[in-house]
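> Predicted model follows, preceded by the sequence.
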Amino acid sequence: MDFELSTEQKDIQEAARKFAKGEFTRELALKHEEEHSFPRELWRKACELGFIGLHFPADAGGAGLNILENVLVVEEFCRRDSGLGTALALSDFSSEIIMRHGSDGQKKKYLPAVASGRMISAGAFTEPNHGSDITRMDTRAVKDGAEWVINGTKTFITNGQIADFYVVLCQVDAEVEPSYRGMATILVEKDAPGLTTEDVGPKMGIKMTSTAEISFDEVRVPLENLIGKEGKGFYQVLEFFDESRIEIAATALGIAEGAFDRAVAYALEREQFGRPIAKFQVTQHKFADMATAIENARLLTYKAAWNFDQGRIDPRLTSMAKYVAAKAAVMVSDEAIQIMGGYGFMTEYEVERFYRDAKIAEIYEGTKEIQKNTIASQIMKEW
């Protein structure tokens, strides 16, 4: 059993760290935070250097690397800045469904565009009446000649208003039981007539990431926009969630590390009663708890990524990684604010933003309760 990263992996990690240190400035972060805007120029730079889609095949614009390498980049980006890192990490969201199930034409059209900074992707799965339950979709797609006609509404869609295309989970057979066997994923581009987007409104965190409601009113797309086969959409999305949970765990891990870094630096400089507060046992105990939670999250996240790279689907492990990393991010960010006191409450000192950005990791890609359900159901299956 080898817990050491390879030389190539360490080089990727260091390259991501240097890029983030040089480009993720506090001024840039505050600008996009206040404007609620996506950092496009930064995103393009990251794409040019190969950080986005590096797990895509080489002939699709990527580096042909694995999920673990992608995790290392995402972790370093979010460690440097929670908002900028999350926005960049999710710019290729759901494109993996095309990578794993799309036709050759779909892969050639969309994957290089995402990796090179010409397109942003989005996955349109969640619906207003179903939330985390994707076993039945109200969004319907029916065939009409050589086209699909799509009607329905999706909500809380990451990259909703900035995406160039959407991977849309639709019910294509309303009669089959169970209903999830009648689903398909269909590609819809942003300029399709009948497609409209609306921002969901002010959010607690991840303000640099667009979150929107997407409406489909008689939206027509060619039949060849179907990804894979009819009836397989639910299974494609489940497989994608098994992968994307690892990436969300990596964002949470990076956020926890970033909050920890800032709290330690502050505690070493801040003096009370004649000595740095880092010298007080109560502060040191907080650091011990924070560091232990981070190490626990890192080990689970790396293991989940490594396991996926071996070609194994393990919902229990990926749910554990997301659950533990998200919990660590919220706890560590909270303690960082507590250690920094009033300064921690101020936007200038960053940890309050890390705290706000951390919480979403316990909600999207399946709430922490959903992760517990998944873990428990896998345990029951084993017994």
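Received the coordinates, thanks.

> Quick one: the helices in the stretch 201-350 of the chain, in order.
In the stretch 201-350 of the chain, the helices defined using DSSP state H, counting those that start in this stretch lie at 233-269, 281-309, 315-340.

> Need these in TSV (columns: mean neighbour count, mean pLDDT and distance to Glu27).
All C-beta atoms are positioned from the backbone trio N, CA, C, and that covers glycine. Formatted as TSV, the helices of the stretch 201-350 of the chain follow (neighbours: other Cβ atoms under 10 Å; pLDDT from 0 to 100; distance: least, Cβ to Cβ, whole Å):
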stretch	mean neighbour count	mean pLDDT	distance to Glu27
helix 233-269	24	97	17
helix 281-309	18	97	27
helix 315-340	25	98	20
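
> now for those, which one comes closest to Pro57?
Each of the helices of the stretch 201-350 of the chain has some distance to Pro57 by Cβ to Cβ; the shortest is helix 281-309, at 14.0 Å.

> so where's this protein uncertain?
Counting by pLDDT under 70, not a single residue of the chain qualifies.

> Repeat the analysis, applying 90 as the threshold.
Residue ranges of the chain with pLDDT under 90: 1-2, 129-136, 271, 313, 347-349, 365-366, 382-383.

> Taking the centroid of it, which residue is nearest it?
Ile248 (4.3 Å; Cα atoms, centre = their mean).

> dump the residue contacts of the residue lying closest to it once chain neighbours are set aside.
Using Cβ to Cβ, 6 or more residues apart in numbering and skipping the chain neighbours, the partner closest in space to Ile248 is Glu365 (4.8 Å). Listed by Cβ atoms under 8 Å, 6 or more residues apart in numbering, the contact set of Glu365 reads 241, 244-245, 248, 322.

> and which of these is nearest Asn129?
When the contacts of Glu365 are compared against Asn129 (criterion: Cβ to Cβ), the nearest one is Phe241, at 19.5 Å.

> Contact partners for the closest one?
By Cβ under 8 Å, 6+ apart, Phe241 lies in contact with 318, 365-366.

> Distance check, it against Ser319.
Going from Phe241 to Ser319 by Cβ to Cβ, to the nearest Å gives 9 Å.

> what's the answer for Glu213, then?
27 Å.

> for Val142, same thing?
Val142 sits at a distance of 34 Å from Ser319 (criterion: Cβ to Cβ).

> same deal with Ala113?
31 Å.

> next one: Pro178
Counting by Cβ to Cβ, the gap from Pro178 to Ser319 is 21 Å.

> Ok, Met183 next?
Distance, Met183 to Ser319, using Cβ to Cβ: 21 Å.

> before we move on, back to that, from the contacts of Phe241, which is closest to Leu84?
For the contacts of Phe241, the nearest to Leu84 is Glu365 (19.6 Å; Cβ to Cβ).

> Excluding residues flanking it in the chain, which one is nearest Ala163?
Ala122 (3.6 Å).

> My guess is that neighbour contacts Thr158. True?
Yes - the pair Ala122 and Thr158 passes the contact test of Cβ atoms under 8 Å, sitting 6.3 Å apart.

> more neighbours, these two?
Taking neighbours as other Cβ atoms under 10 Å, Ala122 and Thr158 compare with Ala122 leading, 30 against 27.

> did I read that right, that one in a strand?
Yes - under DSSP: H, G, I helix; E, B strand; the rest coil, Ala122 falls within a strand.

> thinking again about what came up before, what sits in contact with each of Phe241 and Ser319?
Residues touching both Phe241 and Ser319 (Cβ under 8 Å, 6+ apart) are Gly366.

> and the gap between Glu295 and Val74?
On the measure of Cβ to Cβ, Glu295 and Val74 end up 18 Å apart.

> what's the answer for Glu224, then?
Separation of Glu224 from Val74 (Cβ to Cβ): 32 Å.

> So for these two, which sits in the more crowded spot?
Higher neighbour count among Glu224 and Val74: Val74, with 27 against 12, using other Cβ under 10 Å.

> Sweet, I'm off.
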